[in-house]
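S.K.: Model the structure of this input:
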Amino acid sequence: MNWRKSNICQLCGKAAEVVFQMPRFPLTECYEPWAEKFEDRGYYDQAFIYCSPCNHGQLETVIEPKILYGEGYRTKTGSSIGSRVAVNNFSAFIKEYANLLRRQVVIDIGGNDATLVERLGFTDNFAVIVDPNASGDALLIKEFIENADLTPWRMASKLIVSSHTLEHIENPSAFME
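M.R.: Got it, this is the predicted structure:
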């Protein structure tokens, strides 16, 4: 099975109710080798469910990441026009509100190719990219890690950022813990 249905809220663990069904719901992106015909690919029966106790909405069907991204996922933020625009806007927002001068470390969850950290101009300080597909300028990024133990930076003045990542997390509560 490449997917799992659940009516349990991923935030509070209580039962959620189906609000509406979306048969043959198209995926916005599915990374796979090019083929002549894609008519029967990229569709899953889906539903939107809502949890009244915590006011959280989510999709009912969780599709395994290997189906969405495959073994050959190589997309990089810096090579996508849409992602670059979004990261430029996000970095401008961060620069306006986050007081970067007070930060000793930037931790970028899902930092991919370090585009966001580069846009923040954080080259003189310590930056950590938490992403299994991370790459980037070794002089800029001091550490790339997948299974993150962030305790070495618990006392540091840090900024934790994430762009285009949290929507891919199956269990956001466990992730944030």
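
S.K.: What's the first helix or strand after the least confident helix or strand in the chain by mean pLDDT?
M.R.: Scoring the helices and strands of the chain by mean pLDDT, DSSP states H and E places strand 143-145 at the bottom, with a mean of 57. Using DSSP states H and E, the helix or strand that follows strand 143-145 in sequence is strand 158-162.

S.K.: now what about that following strand, what contacts it?
M.R.: Taking contacts as C-beta atoms under 8 Å, 6 or more residues apart in numbering, the residues outside strand 158-162 that touch it are 90, 94, 98, 100, 103-110, 116, 120. For the C-beta atoms, the positions are set from N, CA and C on the backbone; glycine is no exception.

S.K.: cutoff 7 Å now
M.R.: The contact list for strand 158-162 (C-beta atoms under 7 Å, 6 or more residues apart in numbering) reads 94, 98, 100, 103, 104, 105, 106, 107, 108, 109, 110, 116.

S.K.: I'd like the distance between the nearest residue to residue 7 once chain neighbours are set aside and residue 116.
M.R.: Leaving aside its sequence neighbours, residue 7 sits nearest to residue 16 (C-beta to C-beta, 6 or more residues apart in numbering; 5.3 Å). Going from residue 16 to residue 116 by C-beta to C-beta, to the nearest Å gives 32 Å.

S.K.: got it, and residue 59?
M.R.: According to C-beta to C-beta, residue 59 and residue 116 sit 26 Å apart.
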